[in-house]
Structures are given as structure tokens and as C-alpha cells.
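Engineer: model this:
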Amino acid sequence: QVQLVESGGGLVQAGGSLRLSCAASGRTFSNYTMGWFRQAPGKERQFVAIIIWSGDTTVYADFVKGRFTISRDIAKNTVYLQMNSLKPEDTAIYYCAAKRRAGSVYFAPSYDYWGQGTQVTVSS
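Structural biologist: As a prediction, the model looks like this:
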């Protein structure tokens, strides 16, 4: 059974940093794309970043470029999202997701597995 477990969220002041972790288990993820999405209250789930597990290719949403970095540790089966220069508008629940199917990496329904989410709150 595939499990994605996020951790590392919390409350931080604007300009601060957080590192989110997503521990993946239940299968080999070498053929998977691993993504981070976020969802603020009353808004749709929004693409943040992805990393190709086997090749280390990354893609970012424009609004996080230069501030967030996605990475993975193959030995630990864990994906990270380092978030710097946080802004109040980054406040949301952040979700880890994994996909193997074809389809846009930007499109949440194309992902096969999801974590339970971790809350990030940035105060002004």
C-alpha cells in the first residue's frame, strides 16, 4: 500500500523558511513523478513543483521560482520542499503527490497518490 506522509509545516513569519518532507513507502518510485501542490481556503489545489524521481528533473510554478527548491533523497525515499522568503500568500495546506500515469504534471487529477497534507501559515 502506497503511503505519502508529509511533515515540516508550521507557523513562520514573512521572510522566513520551512522545509517540508514527504516520506514515500509501499513501492519503488523510480518511475514516478513526485509533486507538491497547495490549497488555500476557498481556492483550488495549485501546482507548486515536481521532480522526476529517476532523473532529478525539476519544474516550478512561476510564483515560487527562486524561493522554493524541490529535491529527493533516494536512499530515504523522501522528497523535500525547501521554502525560503515565505510570503503570507504562501499560506496553505501543502500536499505531496506521486504519479506514474501520462498527463500534465500541472494537473492534480493526473496524480495517483496523495498525502494527507501539512499546514503552512505565514504571518505578516
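
Engineer: how about the nearest residue to the residue positioned nearest the centre of the chain, chain neighbours excluded?
Structural biologist: Nearest residue to the geometric centre of the chain (CA atoms, centre = their mean): W36, 2.1 Å. In space, and not counting its chain neighbours, W36 is closest to V48: 4.3 Å by CB to CB, 6 or more residues apart in numbering. All C-beta spots, glycine's among them, are computed from the backbone N, C-alpha and C.

Engineer: contacting residues around the residue nearest to the centre of the chain?
Structural biologist: L20, C22, V48, A49, I50, I70, V79, L81, Y94, Y95, C96, A97 (CB atoms under 8 Å, 6 or more residues apart in numbering).

Engineer: so what pLDDT did the second one get?
Structural biologist: Looking at C22, its pLDDT reads 98.

Engineer: so S104 touches S110, yeah?
Structural biologist: Yes. Contact criterion CB atoms under 8 Å: S104 and S110 qualify, at 6.0 Å.
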